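In: need a 3D model of the sequence below.
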Amino acid sequence: MTEDIPAGLIKGSDDKLRCWWHGNQDDYIIYHDTEWGWPVDDDRRLFEKICLEGFQSGLSWLTILRKRENFRTAFANFDVEKVAKFGEADVERLLQDAGIVRHQGKIRSTINNAARALDLKREFGTLASYFWAFEPGPELRPATIDHEAVKLLGKTETSTKISKDLKKRGWSFVGPTTVYAFMQAMGMVNDHLEGCICREKIEVSRKAFKRPGQ
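Out: Next comes the predicted model:
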């Protein structure tokens, strides 16, 4: 008899149900279980996440995940003050770095966005304070998070609002879809599907999480 597994979930070798997208690949499962959706308030990690989501545009996230350590080395561990000081020599260095995605527009965007991130820090104190202020209330979230609901959430009212504000402030490669992926990754929303082993754990973590500025 075939087991009835809800749409969007797959069973791992440990017999636990998880969101489908990790494909039971070990490194992807670790990311799914320990990072994706857990609330983050560390500015370095937030800057890294939004930059890598920008690099992911047009590619698979697994490609970026497997190059992440190379990205960290190439971009000074995503220290905004250091990256904001990168110049043309750094652009040329990065374009020769086979360990990252050698897309000139995305490389220049990361350097530009580091400078813009410093502007945000001066205005809001931390990047975390800026981003978490946009957290959507329950009225803007679907009642249940199932496979069909998540497929419809490529971008949302909130991600569009953040994208427009960031672009107005001079950021680039921060379209609504990229921003929504960032919101998912940083835990501003919990899009682990109903029945996934991580969903309730993250709900508990989100309830205990102290929002910056509150």
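
In: checking the residue sitting nearest the centre point of the chain next. Helix, strand or coil?
Out: With distances taken as CA atoms, centre = their mean, the residue of the chain nearest its centroid is Phe182 (3.0 Å). Recorded secondary structure, Phe182: helix (DSSP: H, G, I helix; E, B strand; the rest coil).

In: burial measure for the residue lying closest to Tyr31 once chain neighbours are set aside, as a count.
Out: Excluding its sequence neighbours, the residue lying closest to Tyr31 (CB to CB, 6 or more residues apart in numbering) is Leu65, at 5.8 Å. All C-beta spots, glycine's among them, are computed from the backbone N, C-alpha and C. Here the count is done by other CB atoms under 10 Å, and Leu65 has 18 residues near it.

In: three-state assignment of Leu65?
Out: Leu65 ends up helix, using three-state DSSP.

In: hang on, the residue nearest to the centre of the chain packs against Ile50?
Out: Yes: under the criterion of CB atoms under 8 Å, Phe182 makes contact with Ile50 at 4.8 Å.

In: ok so, going back, list the contacts for the residue nearest to the centre of the chain?
Out: Lys49, Ile50, Glu53 (CB atoms under 8 Å, 6 or more residues apart in numbering).

In: show me those residues that map onto helices.
Out: Those of the contacts of Phe182 mapping onto helices are Lys49, Ile50, Glu53, per DSSP state H.

In: nearest to Asp90 among those?
Out: Ile50 (19.3 Å; CB to CB).

In: before we move on, the earlier item: out of the contacts of Phe182, give me the one that has the most neighbours.
Out: Neighbour counts for the contacts of Phe182 peak at Ile50, which has 27 neighbours (criterion: other CB under 10 Å).

In: how about the contacts of Phe182 in CSV, adding distance to Ile10?
Out: Shown next, in CSV, are the contacts of Phe182 (distance: CB to CB, whole Å):
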residue, distance to Ile10
Lys49, 25
Ile50, 28
Glu53, 24
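
In: nearest to Lys85 among the residues you listed?
Out: Lowest distance from Lys85 to the contacts of Phe182 (CB to CB) belongs to Ile50, with 18.9 Å.
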